[in-house]
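K.L.:
predicted model and sequence below, questions to follow.
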Amino acid sequence: MSSKKKVLGLGLAVLVVLIISGSYLSSVNIPLLQPRGIVADKEFRLLLSVTGIMCIVVIPVFILLGYIVWKYRDTNNSKKKYLPDWDSNRYIEGLWWIIPSIIIFILSIITWNATYALNPFNPLASTEKALNIQVIALDWKWLFIYPSEKVASINKLVIPVNRPVHFYLTSDAPMNSFWIPQLSGQIYSMPGMQTQLYIMANREGHYRGWSANISGIGFASMTFDTAVTSDINFNHWAHQVDKTAPKLTNAAYSVLSRPSSYVAPKYYSHPQPNLFNDTISKYMVPGKQGMVM
Amino acid sequence: MGLISIFANFWLGKLNLQALPPNAIQWFGAILMLSVPIGLALLLTVKKKWKWLYKEWLTTQDPKKIGVMYILVALAMLLRGGADVMFMKTQQSISVGHNMGILSASHFQQIVSAHGTIMIFFVAMGLMFGLINLIVPLQIGARDVAFPFLNATSFWLFFAGMILVNASLVLGDFAATGWLAYPPLSELRYSPTVGVDYWIWSLEIAGAGSLLAAINFLVTIFKMRVKGMNFMKMPMFVWSVLGSLMLVAFAFPILTVTLGLLALDRDLGTHFFTAGGGGNMMMYVNLIWAWGHPEVYILVLPGFGVFSEVVSTFARKRLFGYTSMVWAIGAIVLLSFLVWLHHFFTMGAGSDVNAFFGIMTMIIAIPTGVKIFNWLFTMYRGKIRLESPILWFIGFVVIFTIGGMAGVLLAVPPIDFQLHNSLFLVAHFHMMIVGGVLFADFAAITYWFPKIFGFKLNEKLGRFTFWCWLIGFLTSFIPLYILGFMGATRRLNHYSASLGWQQLFIVSAIGAAIIGLGVGAQILQFVVSIIQRKNNLDTTGDPWDGRSLEWSTPSPVPFYTFARLPHVTERDAFWVAKRQKVEDKRPYEDIAIPKNSPLSMVIALGAFLLGFGIVWHIWWLAVSGLLTIIATIIIRSMDEETEYVLKASDVERLDKQYRMQTKTRETKLAVEV
């Protein structure tokens, strides 16, 4: 029968597409599936388990759809049962109110716990003291300030491996979203406000970060490299920058904060100690409580 | 010199020669845009059809015609939004590494924003209101809507908004901010051009039209159902429209106010949402999504309604679980107002807030799942005719289920942190809106076309269209899920070659081209069907063996709609009536029919001038627009003779004539064959 052949052909075509795309995907680099930080890792595992649980409903839907459409298509075959007035059955209907409810209940518990466990403002458990980094989103580049190391950098983030990093984020430009997919999920950086994010990389390497929220014409160029290195290398780097890089004076900052795109990485020493807080408070009306979270 | 500039400032506001397109590509867009109205005007003049157009269409108060106009405008806008896709996909396929592509960053971002704005407000909303106009009165056995003049005004406001959005192609620019124009990017400091103003005022005008239309149809559904049709006997499409319009009535005022506050920030220097000066941009983000999330359900609920009608008609079986379906709609309506924050979990709100909104979002999956199972069981033990409307349904289930799964993932805040604003999100909401709304609208157009025009659409081309859309859509959007996992964010006009994204972007562009082929087939389908209409005439008024009241009228529906109001005792009233085969022997009655009026158009013209005047700061024009609106409303409210009466004897004569005509058509057809 021709419609059977058609379905067979369709199945074959789908199979071929699946094989080709499968072999393609195994050959490319997919950051979200290769987490290199403990936060990204937990988020990835959560994604896998939620997907798995949802398949309990989704797979039956696909099977039922195929089966019912195929079996009850109109073929002049009078042997098939035809019940034009059968329009309700409280047990069957109850089944598909209750089973999805149970699944969503389970997912809700998972969500509740995961949301608390992976709150970006939560410190990460570690024997090491967290490294503080202040992040300012500018038009259109990222400024990273290391207050304890007294260095700063543009579009280049250097962090030690296996040590928690505590970001404080704000923006001296429209809203941006700070994202290093292999290390953790995003957090907004907003002018006049402060957000926080904890991450901890567990493998050395270079990971790309960028802004995930449109912020103007240079938005696509707001990418930066994150170098995760050993503690020793990190300290060495900070020391080097501290000794050799130009100072981040107020004048240098005001030049930096002018709109520019595709800015190459640059390093600075001795950032103004209050630069980050001043950037937040300059958006606030004097005497008014700000939105520091 | 000074005097001239003061003079020009007064008469032209910010408008000057620099408002014209700056480069060849933008000139191309502008000329393309202008060629449509100019071409239409020429055609009308050559064919001497202006008078016909004015009398039959422009001044009409008949919801059947207004519905057709909504759908025509929406389909034209689908082509506009599709042309935007062509530019976006080309740009993203080639703009890698040293190659900066064909569009400047600003132009690309304008196209992205215009694509979203147009597809949501002028395609999806237009198709939805078109269908509501065409079908809701027929299905509830009403001859008209509650407020016919208001209904025409709603359409013309929608039209005025559409013109304003497209005017930005010719004069000035459009918002380069994304389709929801988050401040502070959309504030004057970062977007000093008129782009955001065009966005604000076209949506204010079209949004006012939507709100008025919603109130109108809510009253129609509440007050004008035919005798015997209580709420639990309404067709499911009417139920879903009721749910959707309740959302419009509560959500659109939020949009109007939010855009109004943004306009105050931009035009009067207030600080509602500015960075600094005590403004709070996150308040805007909250407000816009308090409208924006219900908006998703405003669009998708009528789509669900269409599928309920299509599935039960083409499976030749009563809709399974009617009561469950109604409760599911109710649950969706309620929940859709409790989930808005899931659009910005990454704002940094506390765990309690994020967890609450995440769980609320997941709960919506329950009633939605119930609906899908009910549709499947409507087909179970039915006799399914696999014609194109039900193919759209099958495609919808596949796409919507995949998209829904992605949606539940996005509802878990920690997972959302990784997927927010990525192409994974883009793929998710396109699967929901194209699968749930556009596919439903296409099914609806195929399904109800014979009712409105008297002949069916070509089925072969309909199927070809469907397969192009399904295959093209999956080819275009599955790669976006993967790109999302690769970290690709939305609205990127350029990316680095080392990321390895280009191949998938190209695959996605190929998918879009296949969809384009489908759109071409759709246009061809209309043309071929019109030319060959004699082969597909609907002589019975009931081409699909339908179930609800619209199929009890002749096709096309006569201007008075129902010669005698139908009699309803059960659900699927017409299906029941057909089986009982009772002949209607009730007497005919006088019918009051609203007279044509050009004043709806005048109000919309006033609204357009008001919007255009504010966009360009041409204050005399804005004031004249506002005065035009007020004066027209006053003039209209003085008019007490807005209806004429079609005598019972005339109704009888016309009805019999109509039935005769149908018969003649049948015999003619027999001779030709």
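P.N.:
Nice, thanks for sending it over. Everything quoted here is computed from the prediction, not taken from an experiment. Residues are numbered from 1 along each chain as shown, chains lettered A, B, ... in the order given.

K.L.:
in contact with residue A:19, which residues?
P.N.:
By CB atoms under 8 Å, 6 or more residues apart in numbering or on different chains, the contact set of residue A:19 is empty. To be clear about C-beta, it is placed using only N, CA and C from the backbone, and glycine gets the same treatment.

K.L.:
just residue B:418 next, same as before
P.N.:
Counting by CB under 8 Å, 6+ apart, residue B:418 has contacts A:32, A:40, A:43, A:44, A:47, A:181, A:185, A:186.

K.L.:
which strand or helix spans it?
P.N.:
For residue B:418, the element it lies in under DSSP states H and E is helix B:413-419.

K.L.:
now that helix, how far from the centre of its chain.
P.N.:
Centre-to-centre, helix B:413-419 and its host chain are 30 Å apart (CA atoms, centre = their mean, to the nearest Å).

K.L.:
any idea how far the closest residue to chain A within chain B lies from residue A:42?
P.N.:
For chain B, the nearest residue to chain A under the criterion CB to the nearest CB is residue B:417, separated by 2.3 Å. Applying CB to CB, to the nearest Å, the value for residue B:417 to residue A:42 is 11 Å.

K.L.:
what is in contact with those two at once?
P.N.:
Contacts common to residue B:417 and residue A:42, judged by CB under 8 Å, 6+ apart, are residue A:118.

K.L.:
verify the stated contact: the residue of chain B closest to chain A with residue A:188.
P.N.:
No: the pair residue B:417 / residue A:188 is not scored as a contact, 10.6 Å apart, by CB atoms under 8 Å.

K.L.:
who's more crowded, those two?
P.N.:
residue A:188 (27 against 24; other CB atoms under 10 Å in any protein chain shown).

K.L.:
so the more buried one bridges to which residues?
P.N.:
residue A:177 (DSSP bridges).

K.L.:
quick one, what contacts residue A:36?
P.N.:
With contacts defined as CB under 8 Å, 6+ apart, residue A:36 is in contact with A:182, A:183, A:201, A:202, A:203, A:205, A:207, A:228.

K.L.:
give the contact list for residue A:3.
P.N.:
residue A:73.

K.L.:
now do it, the pLDDT please.
P.N.:
Listed pLDDT for residue A:3 reads 74.

K.L.:
and for residue A:7?
P.N.:
At residue A:7, the pLDDT recorded in the model is 82.

K.L.:
ok, it - contacts?
P.N.:
Counting by CB under 8 Å, 6+ apart, residue A:7 has contacts residue A:70.

K.L.:
how close does it sit to chain B?
P.N.:
12 Å (CB to the nearest CB, to the nearest Å).

K.L.:
and if you look at residue A:80?
P.N.:
8 Å.

K.L.:
what's near enough to touch that residue?
P.N.:
A:71, A:72, B:381, B:383.

K.L.:
number of residues surrounding the second one?
P.N.:
Each residue near residue A:72 was counted by other CB under 10 Å, and the total is 20.

K.L.:
wait, it touches residue B:386, no?
P.N.:
No: the pair residue A:72 / residue B:386 is not scored as a contact, 10.2 Å apart, by CB under 8 Å.

K.L.:
which one is the residue of the stretch 151-293 of chain A found nearest chain B nearest to, not counting chain neighbours?
P.N.:
Residue nearest to chain B within the stretch 151-293 of chain A (CB to the nearest CB): residue A:185, separated by 2.3 Å. Excluding its sequence neighbours, the residue lying closest to residue A:185 (CB to CB, 6 or more residues apart in numbering or on different chains) is residue B:417, at 2.3 Å.
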